[in-house]
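Participant: How does the following fold in three dimensions:
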Amino acid sequence: MTGDPQKRRSLGGSVRDALSQMPPPGIKRTLFRDFADIKEFYLDEEQKNRLEKMRPVSRGFYLCGWLLKSLFFKLAPLRRLLLIIAAFMLITENKEINVGTFNFTFNMGNLGALILIFILMLELKDKLLARNELAEGRAIQMRLLPKTSPKIANWDAWLHSEPANDVGGDLIDCIRFNDNHHVLVLGDVSGKGLPAALLMVKLQATIRALYTESIDLSALGAQINGIFHRDGITRSFATLVVLDVRGESGRIQVLNAGHTPPVLIQDRRPRATQKGNPALGLLPDTGYRVTEECLRKGDVFLVYSDGINESRNPQGDCFGNDRLFSLIATLSESSAANIGEKILKAVHEFSGEARPDDDQTLLVIKYLG
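Facilitator: Purely as a prediction, here's the structure:
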């Protein structure tokens with residue numbers, strides 16, 4: 001990516017730059033992607049598995065039938081009734097009506113078409129209202145993210161978050177105490193879309209409310225876990241990595257609550273750090289240990305969400321940790337921003353036309369000594 005270095009450090013700019021690099025989808029590719037989204041939304045796993053075992057002709061008939069049935073039952077009850085009436089009118093012959101000496105033909109098909117248009121207008125209205133609300137939610141969520149990557153004495157840092165949907169469930173944050181002391185946070189809430197985004201905001205607010213310079217990282221983890229478990233929503237949890245970074249040395253304190261182990265790159269050799277304790281909200285009274293990593297000049301510390309290593313291409317292949325580790329082994333001499341941008345570029349090129357399954361969030365820090 002090119003452009004002014006200060007702009008490249010902006011989180012919003014990073015997202016826009018990454019998206020601008022992607023080629024505009026053609027009509028054929030857009031239609032195929034939209035049809036794939038329709039199948040994903042309307043068909044359950046059992047139906048998808050049955051379709052895979054069918055012959056092409058049978059698969060087409062069953063697919064059309066299941067899609068129409070699913071569409072019908074996803075309508076509100078009154079709209080289902082209107083749809084039945086419209087379908088009946090479309091196949092009914094025109095009616096001649098005699099009122100005294102006045103005769104006219106009543107066109108049933110036209111009225112049925114008007115009812116169908118009315119149903120489409122109602123559905124479009126619902127969609128536009130939901131989209132406007134999501135757009136407002138996205139704007140608020142983006143304002144909660146750090147405006148620029150932090151400037152930490154003796155460190156080069158770069159933060160990035162790119163939601164897969166209108167709103168995301170990944171958290172990236174920075175708490176600054178002074179020029180020499182910053183706390184960097186990367187979290188991943190289970191689920192997608194609006195429910196995950198709401199829990200992400202709760203997680204960010206909880207961390208910012210609890211974190212002080214005097215609090216111990218392990219105590220912070222226990223307190224957040226207690227709050228999430230107490231207020232827990234069924235099947236919802238969050239993974240979290242908190243880095244306490246001090247400018248006067250290359251030492252980093254690391255709290256890992258169920259997240260993918262961060263990677264330390266020393267002498268061009270990536271190494272996954274220790275696994276953490278359970279994710280937040282799963283178990284009550286969980287203890288959280290804090291580890292310490294000692295970086296030498298030029299070493300890089302990388303934290304990422306599973307939207308990076310679990311990104312898939314159109315064939316369903318996973319980007320994977322092996323491919324990620326091979327890539328970052330060649331990038332350790334670069335700046336933090338360059339490392340992050342090249343990882344994102346590699347993931348986007350690998351994914352190709354496939355729509356992202358999960359948010360893609362990166363935190364890269366490099367010790368300058």
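Participant: Tell me where the stretch 101-250 of the chain has helices.
Facilitator: Along the stretch 101-250 of the chain, counting by DSSP state H, counting those that start in this stretch, helices occupy 108-144, 193-210, 217-230.
Participant: Give me the distance between Pro314 and Gly352.
Facilitator: For Pro314, the distance to Gly352 (Cβ to Cβ, to the nearest Å) stands at 6 Å. C-betas here are computed from N, CA, C, even on glycine.
Participant: one step back: among the helices of the stretch 101-250 of the chain, which comes closest to His348?
Facilitator: helix 108-144 (19.9 Å; Cβ to Cβ).
Participant: for that closest one, packing partners?
Facilitator: helix 77-90, helix 193-210 (3 or more Cβ pairs under 8 Å, 6 or more residues apart in numbering; DSSP states H and E).
Participant: now do 10 Å
Facilitator: Applying 3 or more Cβ pairs under 10 Å, 6 or more residues apart in numbering; DSSP states H and E, one finds that helix 108-144 makes contact with helix 11-20, helix 77-90, strand 170-178, helix 193-210.
Participant: average model confidence for it?
Facilitator: Mean pLDDT, helix 108-144: 81.
Participant: got a markdown table for the helices and strands packed on helix 108-144, with mean neighbour count, distance to Cys318 and mean pLDDT too?
Facilitator: Output for the helices and strands packed on helix 108-144, formatted as a markdown table (neighbours: other Cβ atoms under 10 Å; distance: least, Cβ to Cβ, whole Å; pLDDT from 0 to 100):
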| stretch | mean neighbour count | distance to Cys318 | mean pLDDT |
| --- | --- | --- | --- |
| helix 11-20 | 16 | 20 | 43 |
| helix 77-90 | 14 | 40 | 89 |
| strand 170-178 | 19 | 18 | 87 |
| helix 193-210 | 18 | 21 | 84 |
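Participant: CSV please, covering those and showing distance to Val241.
Facilitator: Output for the helices and strands packed on helix 108-144, formatted as CSV (distance: least, Cβ to Cβ, whole Å):
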stretch, distance to Val241
helix 11-20, 17
helix 77-90, 46
strand 170-178, 10
helix 193-210, 12
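Participant: mind checking which of these is nearest Lys39?
Facilitator: helix 193-210 (18.5 Å).
Participant: so the closest one versus helix 217-230, what angle?
Facilitator: Interaxial angle of helix 193-210 relative to helix 217-230 (axes from the mean of the first three to the mean of the last three Cα atoms, to 10 degrees): 140 degrees.
Participant: roughly how far is helix 193-210 from the heart of the chain?
Facilitator: Its chain's C-alpha centre and that of helix 193-210 lie 14 Å apart, by Cα atoms, centre = their mean, to the nearest Å.
Participant: do stretch 75-86 as well
Facilitator: The chain centre lies 34 Å from the centre of stretch 75-86; the measure is Cα atoms, centre = their mean.
Participant: Extract the C-alpha set from it and format it as CSV.
Facilitator: Extracted as CSV, the C-alpha positions of stretch 75-86 are listed here (Å, rounded to 0.1, in the frame of the first residue of the first chain):
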residue,chain,number,x,y,z
LEU,A,75,-42.6,-13.9,5.9
ALA,A,76,-44.8,-12.4,8.6
PRO,A,77,-48.2,-14.2,8.9
LEU,A,78,-50.2,-11.4,7.2
ARG,A,79,-47.7,-11.2,4.3
ARG,A,80,-48.0,-15.0,3.8
LEU,A,81,-51.7,-14.6,3.4
LEU,A,82,-51.3,-11.7,1.0
LEU,A,83,-48.8,-13.8,-1.0
ILE,A,84,-51.3,-16.7,-1.3
ILE,A,85,-54.0,-14.3,-2.4
ALA,A,86,-51.6,-12.8,-5.0
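Participant: ok, residues contacting it?
Facilitator: For stretch 75-86, contacts defined as Cβ atoms under 10 Å, 6 or more residues apart in numbering pick out 71-74, 108-109, 111-119, 122-123, 126.
Participant: And for stretch 207-223?
Facilitator: Under the contact criterion Cβ under 10 Å, 6+ apart, stretch 207-223 has outside partners 144, 171, 173, 175, 177-178, 181, 183, 185, 187, 206, 224, 227, 240, 242-244, 253-257, 276-278, 280, 285-291.
Participant: Counting neighbours, what do you get for Pro270?
Facilitator: Pro270 has 19 neighbours, counted by other Cβ atoms under 10 Å.
Participant: Revised request: answer the last question for Phe237.
Facilitator: For Phe237, using other Cβ under 10 Å, the count is 22.
Participant: Looking at the helices and strands packed on helix 108-144, which is nearest to Met54?
Facilitator: Comparing these by Cβ to Cβ, helix 77-90 comes nearest, at 26.6 Å.
Participant: Pop the domain breakdown of the chain in here.
Facilitator: 5-20+147-367, 27-139 (automatic domain parsing).
Participant: on that earlier part again, mind giving me TSV with the helices of the stretch 101-250 of the chain and columns for distance to Ile365?
Facilitator: Below are the helices of the stretch 101-250 of the chain laid out as TSV (distance: least, Cβ to Cβ, whole Å):
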stretch	distance to Ile365
helix 108-144	21
helix 193-210	18
helix 217-230	16
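Participant: can you tell which of those helices is closest to Lys342?
Facilitator: helix 108-144 (23.6 Å).
Participant: now the strands for the chain?
Facilitator: With strands called from DSSP state E, the chain shows them at 95-99, 102-106, 155-162, 170-178, 181-189, 238-246, 251-257, 263-266, 269-272, 290-294, 300-304, 360-367.
Participant: tell me the mean pLDDT for the first one?
Facilitator: Read that as strand 95-99. On average, strand 95-99 scores 62.
Participant: Closest to the centroid, which residue in this protein?
Facilitator: Central residue of the chain (Cα atoms, centre = their mean): Asp359, 2.7 Å from the mean position.
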